[in-house]
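Trainee: Fold the following for me, if possible:
(one chain, ligands or ions: 2)
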Amino acid sequence: MITTNKNIYPKWIYDGIKNSQQTGRAFIISYVKKIEPIDPLHFFRNGAELFFGQRLFWSDPSGEMSIVGVGNIYVIEAEKEMRFQTVKEKWTKLLDQIILNDESEGSVIGTGPLLLGGFSFDPYKPKSSLWQEFKDGMMFLPAFMLTHLRGDSWLTINLQVAEDDDPEQTAMKLENELNTLLKEKEESLDCEKDQSYKTMIQEVEPESWIHSVRKATHQIQQGRLEKVVLARELQLQATDTILAEDILYRLREQQPASYIFAIENGEKCFIGASPERLVKKEGNQLLTTCLAGTIRRGKTIEQDVELGQQLLHDRKNRYEHDLVVQMIRSAMEEGCSKVVTPSEPILYKLKDVQHLYTPIVGYSDSTSILDMVERLHPTPALGGYPREQAMELIRKEEILDRGWYGAPVGWLDRQGNGEFVVAIRSGMIYHHLASLFAGCGIVEDSIAESEYEETMIKFKPMLTAIGGKINE
Ligand SMILES: C=C(O[C@H]1C=CC=C(C(=O)O)[C@@H]1O)C(=O)O
Ligand SMILES: [Mg+2]
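Mentor: Ligands and ions are numbered 1, 2, ... in the order given. You can find the predicted model right below:
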């Protein structure tokens, strides 16, 4: 029985433990509170002191919403083809054990019990040592979470309570942890001094990749398939340990039109700045993005506009893009009603590249975000068309294990809202090493050397963030 004075520690802790004593069950209490605004990256950096190896970062292109999670209170793992449904079922069960204690009464999106994480690209590809710790599906319920929404900060504490917990000790431990996580708000991040890492770069078998592209183009010309996306790897060795907070800081500065994410799992961190939304669900609205077809940015405004026009009217790139639109539209029509697809793509401009872009919207009460992720992944922007033939070719031809590159990474809340991106423009950092990934949509008109150049521009966001340079 609790005997101490309940006024000296927060009532929600006292109530939670009491509840556990009365029912004989352990619970997770999810406590939500508005706090003084804090930079999400400070929270992420401070998290390393207590929870290095268990940190998660997400922010959307406008920077309007950022979610940072530190400390894993629960990890949902799933394998092989049932992974999306397994996560869905386990999340429903886990939610049964969570009691919400929310100042805002659940009105703020992205707060309270929420999973962050992702999936591997292809559960049937044998895992390389680089990806050993990253399962086919892994979604994390953080112990502490900061949600930054349009300038306001919200703190979520997910606390496991059992009947024999001491409320006073629990409260003291929490207070200490929060002091660390929220400390030194004004102090600048080390990386703001902008010393990028000194690196050595190695392209992994570029000739063999070019050869694979030629082979794939030939197979496409023979009619065996219409499109396949082939990826390759670039390895970096830095003189110092590469810190995730440094890379996140620079990605946030340099890639404002992208989603920025990091999934730290033990000593490894999968990190990137992807412009490609897979699907977002808010209420009953589902939004998805077709992004494929690429050209570089111009050095002057005139040249940039000209390159954009060239891309919009280029037969090869339009075809590469249209295959993605067709597939995503039919997946959306199967899972949603009132699907709206624009008839023409527009340009999506990033720091180093411009893409063809078609957003698609639909509505459904019954199709969950994970149902849609399952239907969509992999789209022909990362797999190919037809899907199975393309996946077989990727398995056979690619010398790398993509791991989570090109796969769904995102978040999901208790009400079914959430967002997943296609994790491109990304890489794995590990001590002083990094492996970066980039791929290209190969169609019948592909020229291997041009596709090679295209991967070079796609490496740039991560390369620049780490401090590596390639000769242009
Ligand atoms: C596979 C990647 O990009 C995809 C997304 C946009 C444009 C693409 C392209 O034009 O080939 C790719 O399909 C990557 O960045 O690694
Ligand atoms: Mg392309």
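
Trainee: Give me the neighbour count for residue 371.
Mentor: Neighbour count of residue 371, defined by other Cβ atoms under 10 Å: 18. All C-beta spots, glycine's among them, are computed from the backbone N, C-alpha and C.

Trainee: do the same with residue 391
Mentor: 18.

Trainee: Spell out which helix or strand contains residue 324, please.
Mentor: For residue 324, the enclosing helix or strand under DSSP states H and E is helix 315-335.

Trainee: what's in contact with that helix?
Mentor: For helix 315-335, the external contacting residues (Cβ atoms under 8 Å, 6 or more residues apart in numbering) are 226-227, 286, 288, 290-295, 311-312, 339, 341, 345, 356, 358, 360, 362, 364, 367, 371-372, 375-376, 379-381, 385, 387, 441, 443, 445-446.

Trainee: From those, which land in helices?
Mentor: 311, 312, 371, 372, 375, 376, 387 (DSSP state H).

Trainee: Buried only: go through those residues for me.
Mentor: Buried members of the ones in helices among the contacts of helix 315-335, counted by 16 or more other Cβ atoms under 10 Å: 311, 312, 371, 372, 375, 376.

Trainee: got the buried residues for the helix holding residue 324?
Mentor: 317-325, 327-329, 331-332, 335.

Trainee: go on, stretch 103-113?
Mentor: 108, 109, 110, 111, 112, 113.

Trainee: Over to stretch 154-163?
Mentor: The neighbour-count check on stretch 154-163 (16+ other Cβ under 10 Å) flags 154, 155, 156, 157, 158, 159, 160, 161, 163 as buried.

Trainee: Make TSV from those and add pLDDT, distance to residue 123 and secondary structure to it.
Mentor: Output for these, formatted as TSV (pLDDT from 0 to 100; distance: Cβ to Cβ, whole Å; DSSP: H, G, I helix; E, B strand; the rest coil):
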residue	pLDDT	distance to residue 123	secondary structure
154	95	35	strand
155	96	35	strand
156	96	31	strand
157	96	34	strand
158	97	28	strand
159	96	33	strand
160	95	30	strand
161	93	35	strand
163	91	39	coil
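
Trainee: Those into JSON lines, with extra columns for distance to ligand 2?
Mentor: Formatted as JSON lines, these follow (distance: Cβ to the ion, whole Å):
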{"residue": "154", "distance to ligand 2": "39"}
{"residue": "155", "distance to ligand 2": "42"}
{"residue": "156", "distance to ligand 2": "40"}
{"residue": "157", "distance to ligand 2": "44"}
{"residue": "158", "distance to ligand 2": "41"}
{"residue": "159", "distance to ligand 2": "47"}
{"residue": "160", "distance to ligand 2": "47"}
{"residue": "161", "distance to ligand 2": "51"}
{"residue": "163", "distance to ligand 2": "58"}
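
Trainee: Which residues of the stretch 301-450 of the chain lie near ligand 2?
Mentor: 440, 441 (Cβ under 5 Å from the ion).

Trainee: and of the ones in helices among the contacts of helix 315-335, the nearest to ligand 1?
Mentor: For the ones in helices among the contacts of helix 315-335, the residue nearest ligand 1 by Cβ to the nearest ligand atom is residue 311; the value is 9.5 Å.

Trainee: Report pLDDT for that closest one.
Mentor: pLDDT, residue 311: 98.

Trainee: now do the one 5 residues further on
Mentor: Looking at residue 316, its pLDDT is 97.

Trainee: what's the answer for residue 300, then?
Mentor: Residue 300 is given a pLDDT of 98.

Trainee: tally of neighbours for it?
Mentor: A total of 8 residues lie near residue 300 under the criterion other Cβ under 10 Å.

Trainee: for it, phi and psi?
Mentor: Backbone dihedrals for residue 300, given as degrees, to the nearest 10, come out at phi -120, psi 170.

Trainee: ok, now how distant is it from residue 219?
Mentor: Computed as Cβ to Cβ, to the nearest Å, the residue 300 to residue 219 distance reads 40 Å.

Trainee: can you check residue 59 too?
Mentor: 39 Å.

Trainee: And the two? Which one has more around it.
Mentor: Remark: of residue 59 and residue 219, residue 59 carries more neighbours, 24 against 17, as counted by other Cβ under 10 Å.

Trainee: which residue sits closest to that one, ignoring its sequence neighbours?
Mentor: residue 66 (3.9 Å; Cβ to Cβ, 6 or more residues apart in numbering).

Trainee: related to what we said a few turns ago, and the helix holding residue 324, how far from the chain's centre?
Mentor: Helix 315-335 sits 22 Å away from the centroid of its parent chain (Cα atoms, centre = their mean, to the nearest Å).

Trainee: Could you do stretch 102-112 as well?
Mentor: Distance of stretch 102-112 from the chain centroid (Cα atoms, centre = their mean) equals 22 Å.

Trainee: of the buried residues of stretch 154-163, list those near ligand 1.
Mentor: Among the buried residues of stretch 154-163, proximity to ligand 1 is found for none (Cβ under 6 Å from any ligand atom).

Trainee: who's the residue of the stretch 201-350 of the chain found nearest ligand 2 bridged to?
Mentor: Nearest residue of the stretch 201-350 of the chain to ligand 2: residue 294, at 4.4 Å (Cβ to the ion). Under DSSP bridges, the beta-bridge partners of residue 294 are residue 355.

Trainee: Please give me every residue in contact with it.
Mentor: 311, 317, 353, 354, 355, 356, 440, 454, 457, 458.

Trainee: Okay, it and residue 460: tell me how far apart.
Mentor: Taken as Cβ to Cβ, the span from residue 294 to residue 460 is 12 Å.

Trainee: Which residue, other than its chain neighbours, is closest to residue 304?
Mentor: Nearest residue to residue 304, sequence neighbours excluded (Cβ to Cβ, 6+ apart): residue 298, at 3.1 Å.
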